[in-house]
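Sequence and predicted structure below; questions after.
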Amino acid sequence: MQRGFVLLYTLWVLLGGVVLLGGVSLWNQHRARAAAAQLQAQQLEAKLESAAHSLSFRLLSLASRQLGLAQTQLSSFEANGVRAGLQATDGLLDLNQADPGDMALVIQAAGVPDAALKAEALMRRRPLQTYASLAAIGLDERSTRCLLRHVTLSSGQQRPRAELASADLRRLLGLKLGASGFASDELAAASPVVDQVQVAGSSFRYWLSHTGDPLGSELLVEVRVTGRGEPPIQVLEWYWLPRAAEPALGCGP
């Protein structure tokens with residue numbers, strides 16, 4: 001009887017050890033996967049940051065000239081899996097300068113409820129220093145991404161320049177094109193300058209993402225080409241958009 005008890009106890013201890021070792025092994029595998037995922041995320045973020053700096057240098061090389069850029073020169077960029085679109089902020093609505101009526105129209109067009117109340121909340125928070133202010137007034141990830149396609153904090157103008165604005169924004173705000181008739185209708189791939197615009201002294205925005213990022217990280221960078229030797233490029237905003245908790249939905253109501 002005693003020998004049987006000892007045998008059962010020994011088997012129980014051995015079984016417990018096997019379970020414990022299996023649990024430790026699973027925990028180590030989980031930690032290894034988490035570390036690998038974190039390393040991959042850091043590598044992807046580093047690629048986006050590097051691409052932002054690369055775009056700044058390409059902009060800088062054009063700063064002393066007045067020219068209309070072909071779409072292939074700077075309007076879009078793709079290298080090593082990084083995709084980037086470029087916008088001139090003069091073609092966007094400045095939330096620090098716009099009147100509340102224009103703000104409410106653009107917020108509503110992004111599918112945000114209570115647009116007038118959201119516009120008033122932003123007015124009370126001026127001057128806005130960062131796009132994190134949009135989350136502070138209750139905008140979720142989808143609404144923030146949709147709204148940022150149309151607005152900026154960097155143009156310093158009350159209304160967008162019609163020739164640099166998207167067709168949707170022109171239609172929404174009733175913006176009229178000048179005699180040249182030039183229009184930049186590709187929202188995230190708009191030619192950043194036209195013949196009458198000089199790169200130096202202008203501000204631009206990059207949208208950067210990576211094809212290999214399952215979480216859909218997106219980096220928004222705004223810079224101003226100063227036209228001076230130091231600093232030649234001034235960073236106005238460096239903002240990581242909130243990661244999508246679900247597949248991206250379309251913009252609009």
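Nice, I can see it.

now the helices for the stretch 51-200 of the chain?
100-109, 115-125, 132-136, 141-148, 167-173 (DSSP state H, counting those that start in this stretch).

give me the low-pLDDT residue ranges for the stretch 101-250 of the chain?
Across the stretch 101-250 of the chain, the ranges flagged by pLDDT under 70 are 178-198, 243-250.

what about Trp238, which SS state?
Three-state assignment for Trp238 (DSSP: H, G, I helix; E, B strand; the rest coil): strand.

so which of the helices of the stretch 51-200 of the chain gets nearest Trp207?
When these are compared by Cβ to Cβ, helix 141-148 sits nearest Trp207, at 8.6 Å. Yep, even glycine has a C-beta here, placed from its N, CA and C like the rest.

what helices or strands is the closest one leaning on?
Packing contacts for helix 141-148, counted by 3 or more Cβ pairs under 8 Å, 6 or more residues apart in numbering; DSSP states H and E, involve helix 132-136.

about what we covered before: the helices of the stretch 51-200 of the chain: which one's closest to Leu241?
The minimum distance between Leu241 and the helices of the stretch 51-200 of the chain falls on helix 141-148, with 6.1 Å, by Cβ to Cβ.

The closest one versus helix 115-125: what angle between them?
Counting by axes from the mean of the first three to the mean of the last three Cα atoms, to 10 degrees, helix 141-148 lies at 70 degrees to helix 115-125.

the inter-axis angle of helix 141-148 versus helix 100-109?
Angle, helix 141-148 to helix 100-109, by the same axes, to 10 degrees: 130 degrees.

Buried residues, helix 141-148. List them.
Within helix 141-148, the residues that count as buried by 16 or more other Cβ atoms under 10 Å are Glu141, Arg142, Ser143, Thr144, Arg145, Cys146, Leu147, Leu148.

on that earlier part again, can I get the helices of the stretch 51-200 of the chain in TSV with distance to Arg83?
Listed next are the helices of the stretch 51-200 of the chain as TSV, based on distance: least, Cβ to Cβ, whole Å:
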stretch	distance to Arg83
helix 100-109	25
helix 115-125	29
helix 132-136	23
helix 141-148	15
helix 167-173	21
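
So for Gln43, which of these sits nearest?
Nearest of these (Cβ to Cβ): helix 141-148, 23.0 Å.

Keeping just the C-alphas, turn the closest one into CSV.
What follows is helix 141-148, C-alpha atoms only, in CSV (Å, rounded to 0.1, in the frame of the first residue of the first chain):
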residue,chain,number,x,y,z
GLU,A,141,-9.3,57.1,-35.2
ARG,A,142,-11.4,56.9,-38.4
SER,A,143,-12.7,60.5,-38.0
THR,A,144,-9.2,61.8,-37.4
ARG,A,145,-7.8,60.2,-40.5
CYS,A,146,-10.7,61.4,-42.7
LEU,A,147,-10.5,65.0,-41.4
LEU,A,148,-6.8,65.3,-41.7
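
roughly how far out does it sit from the chain middle?
From the chain centre to the centre of helix 141-148 is a distance of 9 Å (Cα atoms, centre = their mean, to the nearest Å).

for stretch 229-246, same thing?
The chain centre lies 8 Å from the centre of stretch 229-246; the measure is Cα atoms, centre = their mean.

Can you classify Arg205 as helix, strand or coil?
Looking at Arg205 with three-state DSSP, the answer is strand.

Enumerate every residue touching it.
Going by Cβ atoms under 8 Å, 6 or more residues apart in numbering, Arg205 touches Leu86, Gln87, Ala88, Thr89, Leu92, Thr152, Ser154, Leu220, Val221, Glu222.

likewise Thr89?
Applying Cβ under 8 Å, 6+ apart, we find Thr89 in contact with Thr152, Ser154, Ser155, Ser202, Ser203, Phe204, Arg205, Glu222.

Tell me if I'm right that the third one and Gln87 touch.
No. Ser155 is beyond contact range of Gln87, at 10.4 Å (criterion: Cβ atoms under 8 Å).
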